[in-house]
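**Q** fold the following and give me the result.
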Amino acid sequence: MSFFSKLLNHEPFSEIVMGNHALVRGFVEANTRVVTAYPGSPTPEIADGIRAIPPDTRPFYFEFSTNEKVATEVAFGASINGHLSSVFFKSVGLNVAADTFVQLSHMRLKGGLVVIIGDDPGANSSQNEQDNRHIAQLAYTPVLEPATPQEVYEMYLQAVKLTTQLQMPVILRLTTHVCHARGRVVFGEYTPDSSPRDPAFDPQGFEYLPITKLVYPMKRRAMENLQAVKESADSMAVNRVVDHGNGRRGVITMGVPFLSLMDVIEGIPGKPDIFKLGMVYPLPEASILDFLRSHEEVKILEELDDIVERSIKSLAWDARLDVKIVGKTDLDDWMGEYTPAKVHAVISKVWPDMLEAREERPVLPQTAPPRPAQMCPGCGHRSAFFAIKKALEPTDITVADIGCHTLGFLPPYNMGQVLLCMGASPGIAAGLSLFNDSRKVLAFMGDSTFYHAGSAGVINAVFNQHNLTL
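**A** Below is the predicted model:
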């Protein structure tokens, strides 16, 4: 029996699954009622798991929305109507949703709302490596970060517990390797929720209207909720210490870097003690201070930005602790996925007596020519690019957008010289057309990008009579 056929089992079971699929069983067990999304790697397999449940037996409503902002708003509307909701999208999707997302913590989310973000260290399928823990801090929103498929499932249930108790949003921050990793997951029981699904929306004195006179009480509520999470963080099982009996050296880490660290220290003497964080914002401050006090030197190991590092250094300063805290040491530490090879290099720079630096592997002679990504054989973009290139002068300007047609910038087409994000091509092209009477400007855009965010740019270009071709 396949995992997908067991998704609605009432009895506990275990199965080897990827992190994204483990979430779907989490939706089911938590009696989530509404799930919305906009597709984007590394999260699409969540939808594959959802669609494996026939719509007539699926215990929750699911939709792919027009874009991430709309998906967040649909989930928000369902939540304030009393229904437990979740929304998922990729890292840069939070940029699209941000105008709505930053308001969520100010609202009373009666049903609860879990925001699932697929961050992308290494930019495997994204135009940057942005670290969305920054936006979580901006929006006073707690962040849980799992390392394994088992933790993906468990931390979704923990996020549901937090969001329903405090009626505030909670982020479950996944990263590419966690989304796609496979491991055995032990699932719990599923008891369908038979409670009525009547609408529960009640404005209670305009608390859903963030106008000037209400901003301060709404912000106070958001900060009080965050403080409540901080006070409970130390008792959460998602944070744990791996004790190797090393009173001299310790490492504070989380997520994929934790797994890589466990890999590289296997079999070596003098392993450092490890504090593995599951709640990465707000931090379990009392537990971290205890860990710092019991070690002479602590390394902060985190992918992308130094968010946890800065917070821990501030904690140590305020507590006047006599402990050496080592964070990022050079620019390379800020970039890329923390794979075992990367973590080995990071740790060996700090503690060369514990891990010797590895010699770089020799570059093998090329035995095959480079094979860059290309559009599929028979793809309609090929003939379109060929015809368009024939009609343009070499000095004319072409603007790309997100989609398969982005690959048009490669030879032999060389179409699309600028790219920002979904739906940006009409606006960029409109700007390039200003004070431009000598060079044609052409913008490419797919149907998904048109409906996602591009239509506004098209309307702007037409309304303001910009000289460009769409």
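**Q** got the contact list for the closest residue to Lys440 other than its chain neighbours?
**A** Setting aside the residues directly before and after it, Lys440 is nearest to Asp396 in space (CB to CB, 6 or more residues apart in numbering), at 4.2 Å. All C-beta atoms are positioned from the backbone trio N, CA, C, and that covers glycine. Asp396 is in contact with 439-442, counting by CB atoms under 8 Å, 6 or more residues apart in numbering.
**Q** as JSON lines, these with secondary structure would be great.
**A** Below are those laid out as JSON lines (DSSP: H, G, I helix; E, B strand; the rest coil):
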{"residue": "Arg439", "secondary structure": "coil"}
{"residue": "Lys440", "secondary structure": "coil"}
{"residue": "Val441", "secondary structure": "strand"}
{"residue": "Leu442", "secondary structure": "strand"}
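**Q** state the distance from Asn9 to Ile16.
**A** With distances taken as CB to CB, to the nearest Å, Asn9 is found 16 Å from Ile16.
**Q** the more surrounded of those two?
**A** Set side by side, Asn9 and Ile16 show more neighbours around Asn9, with 14 against 11, by other CB atoms under 10 Å.
**Q** let me know the pLDDT of that one.
**A** In the prediction, the pLDDT value recorded for Asn9 is 95.
**Q** three-state assignment of it?
**A** Classified using three-state DSSP, Asn9 is coil.
**Q** show me what contacts it?
**A** For Asn9, the residues meeting the contact criterion (CB under 8 Å, 6+ apart) are Tyr190.
**Q** buried sites along the helix ranked longest in the chain?
**A** The residue-count maximum for a helix in the chain (DSSP state H) belongs to helix 212-233. Neighbour-count burial for helix 212-233 flags 218, 221-222, 225-226, 228-230, 232-233 (criterion: 16 or more other CB atoms under 10 Å).
**Q** how about the lowest-mean-pLDDT helix or strand in the chain: buried residues?
**A** Sorting the helices and strands of the chain by mean pLDDT, DSSP states H and E puts helix 455-463 at the bottom, at a mean of 78. For helix 455-463, a neighbour-count test (16+ other CB under 10 Å) marks 457-458, 461 as buried.
**Q** same check, this time on stretch 257-273
**A** Residues 257-262, 264-265, 271-273 are the ones in stretch 257-273 that count as buried (16+ other CB under 10 Å).
**Q** can you give me the helices in the stretch 351-470 of the chain?
**A** Under the criterion DSSP state H, counting those that start in this stretch, the stretch 351-470 of the chain contains helices at 380-391, 425-433, 447-449, 455-463.
**Q** in CSV, list these along with distance to Gly111.
**A** Shown next, in CSV, are the helices of the stretch 351-470 of the chain (distance: least, CB to CB, whole Å):
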stretch, distance to Gly111
helix 380-391, 43
helix 425-433, 36
helix 447-449, 29
helix 455-463, 31
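**Q** and those: which comes nearest Phe187?
**A** Comparing the helices of the stretch 351-470 of the chain by their distance to Phe187 (CB to CB), the top pick is helix 447-449, with 33.6 Å.
**Q** by contact count, what packs against that closest one?
**A** Other helices and strands packing on helix 447-449, by 3 or more CB pairs under 8 Å, 6 or more residues apart in numbering; DSSP states H and E, are absent; none qualifies.
**Q** CA atoms of stretch 321-332 as CSV?
**A** Taking C-alpha atoms only, stretch 321-332 is exported to CSV below (Å, rounded to 0.1, in the frame of the first residue of the first chain):
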residue,chain,number,x,y,z
LEU,A,321,29.1,36.2,30.0
ASP,A,322,32.7,35.2,29.7
VAL,A,323,32.4,33.0,26.6
LYS,A,324,34.0,33.3,23.2
ILE,A,325,31.2,33.3,20.5
VAL,A,326,32.3,32.6,16.9
GLY,A,327,30.0,33.4,14.1
LYS,A,328,30.6,33.9,10.4
THR,A,329,34.3,34.5,9.6
ASP,A,330,34.3,35.4,5.9
LEU,A,331,31.9,36.2,3.0
ASP,A,332,31.8,32.5,1.9
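**Q** any idea how far it is from the middle of the chain?
**A** Relative to its chain's centre, stretch 321-332 lies at 25 Å (CA atoms, centre = their mean, to the nearest Å).
**Q** list the buried residues for it?
**A** 323, 325-328.
**Q** try stretch 416-429
**A** 416, 418-419, 421-429.
**Q** measure it end to end?
**A** Its start and end residues considered, stretch 416-429 measures 11 Å (CA to CA, to the nearest Å).
**Q** output the contacting helices and strands for the least confident helix or strand of the chain.
**A** helix 425-433.
**Q** helix 455-463 and the helix it packs on, what's the angle between them?
**A** Here the directions of helix 425-433 and helix 455-463 differ by 40 degrees (axes from the mean of the first three to the mean of the last three CA atoms, to 10 degrees).
**Q** chain center to helix 425-433: distance?
**A** 29 Å.
**Q** and if you look at stretch 76-87?
**A** How far stretch 76-87 lies from its chain's middle: 20 Å, per CA atoms, centre = their mean.
**Q** what do you get for stretch 394-411?
**A** Distance, centroid of stretch 394-411 to centroid of chain: 27 Å (CA atoms, centre = their mean).
**Q** what does stretch 123-137 give?
**A** 7 Å.
**Q** Asp99: how many residues sit nearby?
**A** 11.
**Q** equivalent analysis for the one 4 residues further on, please.
**A** Gln103: 17 surrounding residues under other CB under 10 Å.
**Q** kindly report the same for Glu63.
**A** As a burial measure, Glu63 scores 14 neighbours (other CB under 10 Å).
**Q** partner strands of the helix or strand harbouring it, parallel or antiparallel?
**A** For Glu63, the element it lies in under DSSP states H and E is strand 61-64. Using DSSP bridges, the strands paired with strand 61-64 are strand 34-37 (parallel).
**Q** contacts for the strand it pairs with?
**A** 27, 43, 46-47, 50, 60-65, 71-72, 74-75, 78-79, 83-89.
**Q** tell me which residues of the next helix or strand after it are tucked away?
**A** Downstream of strand 34-37, the first helix or strand assigned by DSSP H and E is helix 44-51. Of all the residues in helix 44-51, those buried under the rule 16+ other CB under 10 Å are 44-47, 49-50.
**Q** for Lys299, which three-state class applies?
**A** strand.
**Q** for the one 5 residues further on, same thing?
**A** The three-state label for Leu304, taken from three-state DSSP, comes out as coil.
**Q** hang on, it packs against Trp334?
**A** Yes - between Leu304 and Trp334 there is a contact at 6.7 Å, judged by CB atoms under 8 Å.
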